[in-house]
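> Below are the sequence and a predicted model for it; my questions follow.
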Amino acid sequence: MRRLLLLFIVFFQLSFFLSAQVTLDQLVEKNGIYYKKGETTPYSGVVADNWSDEIKKYEGLMKNGKFDKQYTEWYD
């Protein structure tokens with residue numbers, strides 16, 4: 001039962017994290033640091049967007065307003 005509960009918690013957190021992505025259009029850059037529009041703390045989380053036909057356009061992870069690790073772009 002504990003394992004099932006732990007698995008549920010991990011799945012819930014992962015699904016929330018993946019659904020909380022933003023596009024670059026929703027961010028503002030100030031001095032090389034990205035912020036969500038209207039916020040004062042640097043953005044941390046997933047940045048992704050798709051072309052109109054649901055093919056990935058770009059995807060990356062930001063930490064403290066800067067791209068962290070890998071950022072990938074796909075061209076149409």
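Arrived safely, thanks for sending. Numbering: from 1, shown residues only.
> which residue is nearest the centroid of this protein?
Centrality entry for the chain: nearest residue to the mean C-alpha point is residue 46, 0.9 Å, by CA atoms, centre = their mean.
> where do the helices sit along the chain?
Using DSSP state H, the helices found in the chain span residues 2-19.
> where does this structure have its least confident helix or strand?
Of all the helices and strands that make up the chain, helix 2-19 has the lowest average by mean pLDDT, DSSP states H and E, namely a mean of 61.
> show me where pLDDT drops low in the chain?
For the chain, the stretches with pLDDT under 70 are 5-20, 76.
> ok, now with 90
In the predicted model, the chain carries pLDDT under 90 at residues 1-25, 44-59, 61, 67-76.
> Pull the distance from stretch 59-75 to the chain's centre.
8 Å (CA atoms, centre = their mean, to the nearest Å).
> who's in contact with it?
With CB atoms under 8 Å, 6 or more residues apart in numbering as the test, stretch 59-75 has contacts from 32-35, 42-48, 51, 55-58. C-beta here means a position set from N, CA and C on the backbone, and glycine is covered the same way.
> Mind giving me the PyMOL command for buried ones among those residues?
To isolate the buried members of the contacts of stretch 59-75 in PyMOL, using 16 or more other CB atoms under 10 Å:
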select buried, resi 34+42+43+47+48+57+58
